[in-house]
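Enquirer: 3D, please:
(chains A and B)
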Amino acid sequence: DTGVSQNPRHKITKRGQNVTFRCDPISEHNRLYWYRQTLGQGPEFLTYFQNEAQLEKSRLLSDRFSAERPKGSFSTLEIQRTEQGDSAMYLCASSLSPGGLSSGNTIYFGEGSWLTVV
Amino acid sequence: GIQVEQSPPDLILQEGANSTLRCNFSDSVNNLQWFHQNPWGQLINLFYIPSGTKQNGRLSATTVATERYSLLYISSSQTTDSGVYFCAVNSGGSNYKLTFGKGTLLTVNP
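Expert: Model (predicted):
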C-alpha cells in the first residue's frame, strides 16, 4: 500500500496567481486533513474531511482558500490570488475512523507541497 | 485551546550519544503522537502514546498523562536521527485535530 501522496511537491508562483495542490490519501482511510507549516513552526490544522464532507475549517483558512474532496477519494486545496504570506509547506494527512484520533487511529502525513510566492 | 511545549528547542549530539526530548501539554489528551520530520519535510510517525511506555528499537517513549508530559528517548544516536521531532496531541471534544508543538531540532554529528 502506498502512503499519502501529494503533488506537486514544489510550486513557485507569482503573487496574485492561483495554485492547486492535490492529495491522494491511503486508500482505506476515510478521513483526510490539510495542515500548513511555516519555517520553524509545527504544522497547523487547516481543514478536515470525513469522506466527501468538509466538517471543519480553521480560521487560518481565509476565503481565498478552498478545499474539496469529490467522491471521498482524493482532495484538492486551491489558493486564489496568492500572497507572499501563503508561502509555506502544505501537508495532507489521512486516518481511519470510526472514533477518530481519540480511538487509537494514527494519522499519516504525505511529503508535503512546498509553495513559494514571489 | 490546548498548548504544547517542547524542549529543548535545539540539541546537538555526537553520534552514539543518548538524548531525551520532552513534551508538556496543558490539558488532558486523547491522542499523543511523536513524529520525526526528515530534512525533506516528510513527517514520520514514531509513536502513538497517549499514556504508558513503548519502545521501538533505539527509540522509546513514555507519557505520564496525569502529569501532562511525554518523553522521547533516543539511544545510541545516529546521523540519520537528525531532523525535527514533533509532539502532537488531540484533546477535548474534537477527535480529528492535532495540535503540534514547535519541535526539537536534533543534529547528530559523526
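
Enquirer: Look at residue A:39 and say how many residues are nearby.
Expert: Neighbour count for residue A:39, taken as other Cβ atoms under 10 Å in any protein chain shown: 7. C-beta coordinates here come from the backbone N, C-alpha and C atoms, glycine included.

Enquirer: name the element it belongs to?
Expert: Using DSSP states H and E, no element contains residue A:39; it sits outside every helix and strand.

Enquirer: Quick check: the gap between it and residue B:108.
Expert: Distance of residue A:39 to residue B:108, computed by Cβ to Cβ, to the nearest Å: 21 Å.

Enquirer: center of chain A, which residue is that?
Expert: residue A:34 (2.7 Å; Cα atoms, centre = their mean).

Enquirer: Surely it touches residue A:54?
Expert: No: between residue A:34 and residue A:54 there is no contact under Cβ atoms under 8 Å: 10.0 Å.

Enquirer: Pull up the overlap in contacts between those two.
Expert: By Cβ atoms under 8 Å, 6 or more residues apart in numbering or on different chains, residue A:34 and residue A:54 have these common neighbours: A:47, A:48, A:67.

Enquirer: is it possible to export the residues you listed to CSV including distance to chain B and secondary structure?
Expert: Output for the shared contacts of residue A:34 and residue A:54, formatted as CSV (distance: Cβ to the nearest Cβ, whole Å; DSSP: H, G, I helix; E, B strand; the rest coil):
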residue, distance to chain B, secondary structure
A:47, 10, strand
A:48, 5, strand
A:67, 14, strand
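
Enquirer: Which entry within these corresponds to the minimum pLDDT?
Expert: Least confident of the shared contacts of residue A:34 and residue A:54 in the model: residue A:48, at 92.

Enquirer: Beta-bridge partners for that one, please?
Expert: For residue A:48, the beta-bridge partners are residue A:33, residue A:56 (DSSP bridges).

Enquirer: give me the number of residues near it?
Expert: Applying other Cβ under 10 Å, we find 24 residues neighbouring residue A:48.

Enquirer: ok, now how distant is it from residue A:93?
Expert: Taking Cβ to Cβ as the measure, residue A:48 falls 9 Å from residue A:93.
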